[in-house]
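> just need the structure, nothing else, for what follows:
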Amino acid sequence: MDIRALRYFVELVREQSFTRASEKLFVTQPTISKMIRSLEEEVGQPLLNREGRRFTLTDSGQVLFARAQEILTQMQQLETELADLQSLKGGRLALGMPPMVGHVYADLIRTYRQRYPAIELSIVEYGGRRIEQAVLEGELDLAITMLPTRETGALNALVLASYPIQVVLPAEPHWRERACVRFSDLRDEPLLLYTQAFTLSDRIAQACLDAGFSPQVAARSSQWDFLTAMVRSGMGVAFLPEPVCRRLNPEGLLLRPLLPELSWQLGVIWPQGRYLSRSAEAWLVLCREFQAG
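Predicted structure coming up:
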């Protein structure tokens, strides 16, 4: 059913005059008459009881008038929502990031909210492996995570920053003397690692293998503060990115750089070859501004 025909019919009924309706719609009276006849043919029933220049609605006309008003209202709402999306006055953004990343990019998130307050922002915290899968499956529009990803052929990536990983040690005398720690020095140490859902956990395990030994994993956790609490208790050593180390209470802990250096490279990822919403494109624009600044 033609939307324009419905609009002409509704306006005719509201004005109760072909002349006034044609003036308001900026069309001729024969055009409106033609549209009404077309609707009646499509419905298969008369819509108007014509009495000279006056008319009333048939039963079918009353039903069509009521429904046509609803349809036109919904169409107007649709046009408004589409215009809002185009101008970023509405929309949604599903953003993923590992738990450690949130505080690093809190200012970036705040800037996005200030710039686009009408966009509904949903932030999901997953480990790096789960984040990659969620972006590929469309659960997330994009994400900030550790690079490089395992899905380099299916995901685009924009590097944001790189930070060194530090080893977190219990404050014991034999560690105090060291200015730095090599992975080979940790051969006999129990390690406190993130869960296997985290990219960093894989990188540390690989670094141990490169140093010639298999890591002795004492415990795993998804929470950096719990890992450091276990270090204080003497359970083993942990590894944290430098921005997270700045937030630690140093009591009972020693922080040392690693050799060879292991980097926590963070970036935005999004699927290759898939449509990006305007809200997601706006996030990428902001990230590029952050990168350039």
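> only C-alpha atoms for contact and neighbour calcs from this point on.
Noted.
> show me the strands in this structure, by range?
With DSSP state E as the criterion, the chain has strands at 48-51, 54-57, 92-97, 120-125, 142-146, 155-170, 181-182, 190-194, 216-221, 237-241, 253-259, 263-271.
> which of the ones you listed sits closest to residue 247?
Shortest distance between residue 247 and those, using C-alpha to C-alpha, is found for strand 237-241: 10.5 Å.
> any residues touching that closest one, and which ones?
Residues outside strand 237-241 that contact it (C-alpha atoms under 8 Å, 6 or more residues apart in numbering) are 163-170, 189-193, 224, 227-228, 231, 263-264.
> what of stretch 92-101?
Contacts to stretch 92-101, defined as C-alpha under 8 Å, 6+ apart, come from residues 119-128, 131, 139-145, 198, 222-224, 244, 279-280.
> try it again with 6 Å
The contact list for stretch 92-101, computed with C-alpha atoms under 6 Å, 6 or more residues apart in numbering, reads 119-127, 140-145, 279.
> now for those residues: which two are most distant?
Maximum distance among these (C-alpha to C-alpha): 25.0 Å, for 119 and 127.
> those two: who's more crowded?
For residue 119 versus residue 127, neighbours defined as other C-alpha atoms under 10 Å are more numerous around residue 127 (22 against 18).
> the more buried one: what's its closest spatial neighbour, skipping adjacent residues?
Distances taken as C-alpha to C-alpha, 6 or more residues apart in numbering place residue 198 nearest to residue 127, at 4.5 Å, with adjacent residues excluded.
> then residue 13?
Nearest one to residue 13, counting by C-alpha to C-alpha, 6+ apart, is residue 65 at 7.8 Å.
> and residue 11, by the same measure?
residue 21 (5.9 Å).
> thanks again, I'm all set now.
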